[in-house]
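Peer 1: I'd like to go over a predicted model; first the sequence, then the structure.
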Amino acid sequence: MSFNESVALWLLAVVIVSVGMSLRRGTSLGLPLTYLVTLSLIHVPGALVYADGEYAYFDPEWVRMGFAQSAVGAACFSVAGLFVLLRERSRRSQRMPPDSRSSGDAEKSKPAVVLAVGAASWLVLLPLLSGIASLGALVSGMTYLVSVGIVMGLWRARMSGVKGNLAVWVLVTALLPVFTTGSQGFLGYGAVMAITISVAAFTFFRQWPKALPFVPVVIFFGLSVFVTYMRDREELRGLVWGGASVSARADRMFDTMTDFEWFDSSDMRHRLQIDRRLNQNWMCGLAEQRFERNAQDFAGGESLLWGITALIPRAVWPDKPAVGGGGELVSRYTGVMFAEGTSVGAGQVLEFYVNFGWFGIVLGFAVLGALIAYVDSRAADSLRRGDWRAFIRWFTPGLALIQPGGNFAEVTTSAVAAAIVAWILIMVRFPYPRIHPSGPDELKPLVGNAR
């Protein structure tokens, strides 16, 4: 597949998902589109820097082959997602209204509390407990409550019509990249959260078509933020990881923002920064080339099985074999060894391919697209009906599925941890009222509405 064909396939995938969102008429939270956007971040910019043939850091053939894999995966993801969205749309009218136990949740909900719990988990619990396997995974799941709380706040602002409240939640969303950079030294975490929340907000405000003309501007600004951040990243992380004071971190970040650098495609330094951090195509292409040369055998589902066994706590299975991270998987199938301490994400494109080849990409992304679209549909319908319990139950693990750069084990453990966190939050913040029956007549309305 040529470079131009891959670009066309990527554009088609985005159009298909956008059509699905339009047909859902505001009852999608855009999780499928969010996944495609985040998947594109690690494949499309890295391919485009090779487009004019004037730049080559990795083998351009590796990049072309890997970019084709990502394009096919994106297309399969979008088609499967559209099918599920259309199916859910046809069933929408058959769904029962929220039961009596959900009434009043909108008034009782406190999005700020949910946001505060997520932020506290990020700032306090995660640094302390991340080294403890099962507990660390659970705390990581709690960090998704940041996005859950903000989406809840934006929805309440929409329903109330109070513009001041809306402005506050928009500001909080915009500051997320600053928050994650200053607290952990990672811009990407905050950027992905901001993208997820923004897409959700545009869907239920039904304003996303009006935003399409501004997409090129947003992309250009995003690339400019990225190259500016990469320029000063090591110094910023040195302060954060070295335990510098909040004021010292703030001063360094302020200096970075005041010395802003606009993206220039003719600047080879900018291209290299994008190529080294936003290009997983070369790994996918190199792995495909090695398979074509019969240098190795397909995994046959081995790494996907790791994602299932990773869910079993060591307390239950003390002798559970250690599962390597994304870097180990990449090294195994590309033959490239990385320096100790280097963080390398395998990504779903590479993992699906090394397990079953092109069939793995087609089937893997189709299943993933259907799953995310289904979760998105249920979360959006729950939010529309004012059923906060169901919204939290669906949306929280749905956020954990948006990890296109992670391996399958990371996705499964994150999703299960997020589901557990959602259940705990529902029990603590939205407990079902206790029923004290005093006679058959008083039981009838409750039994009739129970699901």
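Peer 2: Alright, I've got the coordinates. This one's a predicted model, so the numbers in the text were calculated from it and none came from an experiment.
Peer 1: drop to CA atoms for contacts and neighbour counts, all remaining ones
Peer 2: Noted.
Peer 1: Ile402 in helix, strand or coil?
Peer 2: Under the three-state scheme (DSSP: H, G, I helix; E, B strand; the rest coil), the conformation of Ile402 reads as coil.
Peer 1: meant to ask about Gly300
Peer 2: With three-state DSSP as the basis, Gly300 sits in coil.
Peer 1: pretty sure Tyr333 is touching Gln289, no?
Peer 2: No. If you go by C-alpha atoms under 8 Å, Tyr333 and Gln289 don't touch, sitting 10.2 Å apart.
Peer 1: which of these two has more neighbours?
Peer 2: Comparing Tyr333 with Gln289 by neighbour count (other C-alpha atoms under 10 Å), the higher total belongs to Tyr333, at 23 against 17.
Peer 1: any weak-confidence spans in the stretch 151-300 of the chain?
Peer 2: With pLDDT under 70 as the threshold, the stretch 151-300 of the chain has low-confidence stretches at 207-209.
Peer 1: How about Val246: what's its closest non-neighbour residue?
Peer 2: Take Val246 and drop its neighbours on the chain: the residue closest to it by C-alpha to C-alpha, 6 or more residues apart in numbering is Gly182, 8.0 Å away.
Peer 1: ok, now which ones touch the one you found?
Peer 2: With contacts defined as C-alpha atoms under 8 Å, 6 or more residues apart in numbering, the neighbours of Gly182 are Leu236, Val240, Val246, Arg249, Ala250, Met253.
Peer 1: How far does the helix or strand where the last one lies sit from its chain's centre?
Peer 2: In this case it means Met253. Taking DSSP states H and E as the criterion, Met253 maps to helix 246-258. When distances are taken as C-alpha atoms, centre = their mean, to the nearest Å, helix 246-258 is centred 27 Å away from the chain's centroid.
Peer 1: any idea which helix or strand comes after that helix?
Peer 2: Tracing the chain past helix 246-258, the next element assigned as helix or strand by DSSP H and E is helix 268-277.
Peer 1: residues making contact with that next one?
Peer 2: Ile42, Pro45, Gly46, Val49, Tyr55, Tyr57, Val227, Met230, Phe263, Asp264, Ser265.
Peer 1: Quick check: phi and psi at the spatially most central residue of the chain.
Peer 2: Most central in the chain under C-alpha atoms, centre = their mean is Ile402, positioned 2.8 Å from the mean C-alpha point. The phi/psi pair for Ile402 (degrees, to the nearest 10) reads phi -90, psi 70.
Peer 1: That one and Leu36 touch, don't they?
Peer 2: No. Ile402 is not in contact with Leu36 according to C-alpha under 8 Å; the separation is 9.0 Å.
Peer 1: Make a PyMOL selection of the buried ones in the contacts of helix 268-277.
Peer 2: Command for PyMOL that selects the buried part of these, burial taken from 16 or more other C-alpha atoms under 10 Å:
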select buried, resi 42+45+46+49+227+230+263
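Peer 1: For the contacts of helix 268-277, could you give me JSON lines that also reports distance to Phe221 and secondary structure?
Peer 2: Written out in JSON lines, the entries for the contacts of helix 268-277 read as follows (distance: C-alpha to C-alpha, whole Å; DSSP: H, G, I helix; E, B strand; the rest coil):
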{"residue": "Ile42", "distance to Phe221": "17", "secondary structure": "coil"}
{"residue": "Pro45", "distance to Phe221": "13", "secondary structure": "helix"}
{"residue": "Gly46", "distance to Phe221": "17", "secondary structure": "helix"}
{"residue": "Val49", "distance to Phe221": "17", "secondary structure": "coil"}
{"residue": "Tyr55", "distance to Phe221": "22", "secondary structure": "coil"}
{"residue": "Tyr57", "distance to Phe221": "24", "secondary structure": "coil"}
{"residue": "Val227", "distance to Phe221": "10", "secondary structure": "helix"}
{"residue": "Met230", "distance to Phe221": "14", "secondary structure": "helix"}
{"residue": "Phe263", "distance to Phe221": "8", "secondary structure": "coil"}
{"residue": "Asp264", "distance to Phe221": "11", "secondary structure": "coil"}
{"residue": "Ser265", "distance to Phe221": "13", "secondary structure": "coil"}
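Peer 1: Could you single out the nearest of the contacts of helix 268-277 to Val63?
Peer 2: Proximity to Val63 was ranked across the contacts of helix 268-277 by C-alpha to C-alpha; first place goes to Gly46, at 8.1 Å.
Peer 1: Neighbours of Phe221, how many?
Peer 2: By the other C-alpha under 10 Å criterion, the neighbourhood of Phe221 contains 14 residues.
Peer 1: Also Gly243?
Peer 2: 12.
Peer 1: quick one: secondary structure of it?
Peer 2: Here Gly243 is coil, with the state taken from three-state DSSP.
Peer 1: What of Ser343?
Peer 2: Ser343 carries the three-state label coil when classified by three-state DSSP.
Peer 1: show me the contacts for it.
Peer 2: Contact criterion C-alpha under 8 Å, 6+ apart gives Gly327 as the residues in contact with Ser343.
Peer 1: Ala13 too?
Peer 2: Going by C-alpha under 8 Å, 6+ apart, Ala13 touches Ala74, Ala75, Cys76, Phe77, Ser78, Val79.
Peer 1: ok, 6 Å please
Peer 2: Contact partners of Ala13, counting by C-alpha atoms under 6 Å, 6 or more residues apart in numbering, are Ala74, Ala75, Ser78.
Peer 1: Which member of those residues is positioned nearest Phe221?
Peer 2: Lowest distance from Phe221 to those (C-alpha to C-alpha) belongs to Ala74, with 24.1 Å.
Peer 1: and the residue nearest to that closest one when sequence neighbours are not counted, what element?
Peer 2: For Ala74, ignoring the flanking residues on the chain, the nearest one in space by C-alpha to C-alpha, 6+ apart is Ala13 at 5.9 Å. With secondary structure defined by DSSP H and E, Ala13 is part of helix 3-23.
Peer 1: Rounded mean pLDDT for whichever helix or strand comes after that helix, please.
Peer 2: Scanning forward in sequence from helix 3-23 by DSSP H and E, the next helix or strand is helix 31-41. Mean pLDDT, helix 31-41: 94.
Peer 1: Flag every buried residue along the helix holding Met253.
Peer 2: Residues Arg249, Arg252, Met253, Thr256 are the ones in helix 246-258 that count as buried (16+ other C-alpha under 10 Å).
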